[in-house]
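> Sharing a model prediction with you, sequence too.
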Amino acid sequence: MLERVKKAAMRFDGAGRDVQLVAVSKTFPAKDMRPLLDAGQRVFGENWVQEAKEKWPDLRKDWPDIELHLIGPLQTNKAREAVALFDVIESVDREKLAGVLKAEMDKAGRNLPCFVQVNIGREAQKAGIAPEETVDFVARCRDVHGLNIVGLMCIPPADAAPGPYFAQLAGLAKQAGLEQLSMGMSADFETAIAMGATHVRVGSALFGGRDYGTPA
């Protein structure tokens, strides 16, 4: 998988742009992480605070250089635990959460990189800032709340060609003065890289199918 990511980056950017593979490990147990960790993978993405809390502290004893991304929606009452557990927050999607996150980071003495999640397809069932509000929201997160916003994240509609949505996110990032783009998953990460992705979130291509039961 790393080789496919590297080849896509070389194909679409002759300079060989550095694209970070985020291994999406939600619903899989800690034992399934060990082969990837042994192979050198260090960046992982989780959707739920509780699952991450149960899985990753022990793994970090053996691999202290793990970088853990929160890629799922975050409730404000879980912000303190999220700040303690994660190294990157990819799902900042509303004003209240931005303020709570900054307060918890200040208490913990941490300044985590954050991505703003954009509801790029304007889908009612998905979290995220509306595209037309993104640039102003990024500015407020930085100037009002003092968050370290480094990029944008999105999940395009499942039933549509993803390329135009990825291109739109790249345009929004440029307007907001951001260089990082977290976009693309197992089925479309090469398209995302073509559109400028710096992070691709790949799960099923690495771990196989998932049981989407209620997380512990």
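Okay, I see it.
> Next, the buried residues of the host helix or strand of A167.
Following DSSP states H and E, the helix or strand that holds A167 is helix 163-176. Buried residues in helix 163-176, counting neighbours by 16 or more other CB atoms under 10 Å, are found at Y165, F166, Q168, L169, A170, L172, A173, A176. Heads up, the C-betas are built off the backbone N, CA and C, glycines and all.
> Low-confidence stretches in the chain?
Judged against pLDDT under 70, the low-scoring parts of the chain cover residues 1-17, 209-216.
> Could you save the buried residues of helix 163-176 as JSON lines and add columns showing distance to A127?
Written out in JSON lines, the entries for these read as follows (distance: CB to CB, whole Å):
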{"residue": "Y165", "distance to A127": "15"}
{"residue": "F166", "distance to A127": "18"}
{"residue": "Q168", "distance to A127": "17"}
{"residue": "L169", "distance to A127": "15"}
{"residue": "A170", "distance to A127": "20"}
{"residue": "L172", "distance to A127": "16"}
{"residue": "A173", "distance to A127": "18"}
{"residue": "A176", "distance to A127": "18"}
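> M185: which of these is nearest?
Minimum separation from M185 among the buried residues of helix 163-176 (CB to CB) is found for F166, which lies at 11.3 Å.
> Now do L59: how many residues are near it, please.
Per other CB atoms under 10 Å, the neighbour tally for L59 reads 18.
> separation between it and L181?
When distance is defined by CB to CB, to the nearest Å, L59 is 27 Å away from L181.
> now the helices: where do they sit in the chain?
The residue ranges that make up the helices of the chain, judged by DSSP state H, are 2-12, 34-38, 49-62, 79-85, 95-108, 134-143, 163-176, 189-194, 204-207.
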